[in-house]
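*Asks:* Whatever this is, show me its structure:
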Amino acid sequence: MAYETPLTIFEVVQDISANKYILPSIQREFTWSTSQIEQLFDSLMQEYPIGAFLFWELPQSKYGDYEFYSFLQNYHERNARHNPKTNPSGSEKVMAVLDGQQRLTSLYIGLKGTYAYKIPHKQWNNDSAFPKRKLYLNVVEPAPEGDNKYDFRFLTAEEAKIDPDDQGHYWFEVGKILKMSELSDVTDFLINNILYAYPKECGTFANKTLSQLFKVIHTQPIISYYKVRTEELDKVLNIFIRVNSGGTPLSYSDLLLSIATAQWETLDAREEITEFVDELNSIGRGFNVNKDFVLKSSLVLTDFRNIAFKVDNFNKANMLKIEDNWQTIKTALYSAFTLVSSFGFNRDSLKSNNAVIPIAYYLKMLGLPSNFETATAHAENRKKIKKWLIMSLIKRTFSGQPDNVLRPLRDIIAENGKNDFPIEAITERLRGTSKSIVFTNDDIEMLLEHRYGKAETLTALMLLYPQLDFNNQFHVDHMYPKSKFTKKILNSKGVALELIGEYMDQVNNIANLQLLAAIPNIEKQNEDFDIWFEKTYSTEAEKIQYRTVNYLPDMEYSYANFLKFTNERRRLIRRRFEELLL
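*Replies:* Okay, the predicted model is just below:
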């Protein structure tokens, strides 16, 4: 293969819009972040090389034989991460991209699309957490710091508004360069918007910057590429894997999904697996699984002896067996995540998705009962599964090499048949190994050091509150309100200056935390604990019940007693952990 005549970015972007460049189903999905796109445009502006591309000139006779996808134009982290299917047609030749999809998609989004990612600390299901952003370039000043010379940023329309009082920014929507067909259009824009409104040095920089952007997009043939001409999918797949195994490699799931797509006979593997990933991630308050997890689970649930994540295990025979068992695999995993969600776990608190695979395998062995997570008949069995899951997460059983624990767990569950979940047999089989879920006094001490804001802390609290129905939402609440633990407020409460540091250190400790239903927690807000307690639990019976459920010492809950309170409650929590785990 030799280089073809290079193309301009303008030519390629226009052809992507016309569906003349498409993506074969063996391609992975778009994964680049906004910062990577911004850096790509900065590299172009600085005339750095961005690498060659590899295209497959698709014969018209093969248009209907394979699955193809269009480029993403408006990326949305939650709602639009998957490329839409497309059917190439017409008399013009179509190019399938074998190498360079991430770069081309980035160019396409930057020039003609939008990028919506979640704002930190906002809820995943909140639509306003994903504002649409376009790529802008500050044409009056260079990038403020770092390796980038030009200040490219993805901004909302509100963020990009021109502020007449801000002489250091003029955010130019990068896609508008496509409508400037002549360099004189750049000059007209500068005269009308920059030269008379900004200082001279800003105008000079803007002239150089926009002229360079015009040159990079319209006149410089930057897209250098090779062209593959063949009708053999096996040859294309081999080229694809070899090319994408160098440099920044594809994940195993991308390579294996490529093979699955080519080998499944009745189902579209890419479509099935990506849609199923979205289904799992939408359960309850959301999870965070990916294609790797689904493919690994498929090996375990289909009972392959070798479950290593290697290309050899995804041969034609194995892929067809997974396809035959696909509905069972989906049902088992969906049921398992639904159960785990009912325990109170979500994307933030479930620190190992692999811990769900043995649960899915167990439900498969039971015959996939449709009402397992709610039926009274399964209540005691659910408690065993929940306890095992929490213990496994606390002990980090699935860290390192998960295959070393998935294989023996599957064997134990298979031997157990349709009996209750075999937590005792699992405990004994793994005893003395690095995957043991047997607890020691040192482990208990580590649990007592857990602090607010950590997923492990929520997991430990779940052990202490087995009676809670996690189909309802619960918050990790500070009994003594954290907002009151400042030097000024504590001092006003009569706390001695030499104790304030210790108070502030202990406020986030597990001994000052409880699980409280969402609405009562909102109502409690920053109220002092002693006042809230007396107001909420008016009778002696209610007070005793609350203390018992929450492992509270019987004492006055004043600020003066805070350290005594945490020491006593820590002792009560320790006793409960010892009863449950030792």
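*Asks:* Could you list the buried residues of stretch 468-484?
*Replies:* Applying a neighbour-count criterion of 16 or more other CB atoms under 10 Å, one finds 468, 470, 474-481, 484 buried in stretch 468-484. All C-beta spots, glycine's among them, are computed from the backbone N, C-alpha and C.
*Asks:* Quick check: end-to-end length of that stretch?
*Replies:* End-to-end distance of stretch 468-484 (CA to CA, to the nearest Å): 28 Å.
*Asks:* Quick one: residues in contact with it.
*Replies:* 285, 341-344, 452, 457-458, 461-462, 465, 490, 493, 507-508, 512-518, 521, 524-529, 557, 559, 562, 565 (CB atoms under 8 Å, 6 or more residues apart in numbering).
*Asks:* go on, stretch 562-571?
*Replies:* 448, 480, 495, 499, 502-503, 506, 509-512, 551-553, 555, 557.
*Asks:* rerun that using 7 Å as the cut-off
*Replies:* Residues external to stretch 562-571 that are found in contact with it (CB atoms under 7 Å, 6 or more residues apart in numbering): 448, 480, 502-503, 506, 509, 511-512, 551-553, 555, 557.
*Asks:* now stretch 191-205
*Replies:* 139-141, 167, 170, 206.
*Asks:* give me that answer again for 8 Å
*Replies:* For stretch 191-205, contacts defined as CB under 8 Å, 6+ apart pick out 139-142, 164, 167, 170, 190, 206.
*Asks:* Going by neighbour count, list what's buried in stretch 441-451.
*Replies:* 443-444, 447-448, 450.
*Asks:* before we move on, what about stretch 111-119?
*Replies:* If you call a residue buried by 16+ other CB under 10 Å, then stretch 111-119 has these buried ones: 111-117.
*Asks:* can you give me the mean pLDDT across that stretch?
*Replies:* The average pLDDT for stretch 111-119 rounds to 95.
*Asks:* That one: end-to-end distance?
*Replies:* End-to-end distance for stretch 111-119: 23 Å, by CA to CA.
*Asks:* Could you tell me how many residues sit around residue 188?
*Replies:* 12 (other CB atoms under 10 Å).
*Asks:* I'd like the distance from the helix or strand where it lies to the chain centre, please.
*Replies:* Here residue 188, judged by DSSP states H and E, is contained in helix 183-193. Chain-centre distance of helix 183-193: 43 Å, with CA atoms, centre = their mean, to the nearest Å.
*Asks:* Could you point out the helix or strand that follows that helix?
*Replies:* Downstream of helix 183-193 (by DSSP H and E), the next one is helix 200-214.
*Asks:* Buried residues, that following helix. List them.
*Replies:* Within helix 200-214, judged by 16+ other CB under 10 Å, the buried ones are 202-203, 205-207, 209-210, 212-214.
*Asks:* Look up how far residue 505 lies from residue 492.
*Replies:* Here the criterion is CB to CB, to the nearest Å. By it, residue 492 lies 19 Å from residue 505.
*Asks:* same thing with residue 417?
*Replies:* Counting by CB to CB, the gap from residue 417 to residue 505 is 51 Å.
*Asks:* Same question for residue 34.
*Replies:* 38 Å.
*Asks:* can I get the buried residues of helix 200-214 in JSON lines with pLDDT?
*Replies:* Converted to JSON lines, the buried residues of helix 200-214 look like this (pLDDT from 0 to 100):
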{"residue": "202", "pLDDT": "93"}
{"residue": "203", "pLDDT": "92"}
{"residue": "205", "pLDDT": "95"}
{"residue": "206", "pLDDT": "95"}
{"residue": "207", "pLDDT": "95"}
{"residue": "209", "pLDDT": "95"}
{"residue": "210", "pLDDT": "97"}
{"residue": "212", "pLDDT": "97"}
{"residue": "213", "pLDDT": "97"}
{"residue": "214", "pLDDT": "97"}
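*Asks:* export those residues to a markdown table and tack on distance to residue 40?
*Replies:* Converted to a markdown table, the buried residues of helix 200-214 look like this (distance: CB to CB, whole Å):
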| residue | distance to residue 40 |
| --- | --- |
| 202 | 25 |
| 203 | 27 |
| 205 | 21 |
| 206 | 22 |
| 207 | 23 |
| 209 | 17 |
| 210 | 18 |
| 212 | 15 |
| 213 | 13 |
| 214 | 18 |
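*Asks:* With respect to residue 397, which of the residues you listed is nearest?
*Replies:* residue 213 (53.2 Å; CB to CB).
*Asks:* Surely residue 447 touches residue 461?
*Replies:* No. Using CB atoms under 8 Å, residue 447 is not in contact with residue 461; the gap is 10.0 Å.
*Asks:* Now for the two: what residues contact both?
*Replies:* Common neighbours of residue 447 and residue 461 (CB under 8 Å, 6+ apart) are residue 510.
*Asks:* hey, where'd the strands end up in the chain?
*Replies:* 21-24, 53-58, 68-69, 74-76, 85-86, 94-99, 114-116, 134-138, 152-155, 171-173, 225-228, 474-478, 513-517 (DSSP state E).
*Asks:* ok so, going back, between residue 34 and residue 505, who's got more neighbours?
*Replies:* Legend: neighbour count by other CB under 10 Å for residue 34 and residue 505, higher for residue 34 (19 against 11).
*Asks:* hang on, the earlier thing: list the ones among the contacts of stretch 468-484 that fall in helices.
*Replies:* Among those, the ones falling in helices (DSSP state H) are 341-342, 457-458, 461-462, 490, 518, 521, 524, 529, 562, 565.
*Asks:* Drop anything exposed from those residues.
*Replies:* So, by 16+ other CB under 10 Å, the buried ones in the ones in helices among the contacts of stretch 468-484 are 341-342, 457-458, 461-462, 490, 521, 524, 529, 562, 565.
*Asks:* Closest to residue 351 out of those residues?
*Replies:* residue 458 (10.0 Å).
*Asks:* Next one: the spatially closest residue to residue 365 that is not a sequence neighbour, what pLDDT does it get?
*Replies:* Setting aside the residues directly before and after it, residue 365 is nearest to residue 413 in space (CB to CB, 6 or more residues apart in numbering), at 5.9 Å. Residue 413 carries a pLDDT value of 97.
*Asks:* cool, the one 5 residues further on as well?
*Replies:* You'll see residue 418 listed with a pLDDT of 93.
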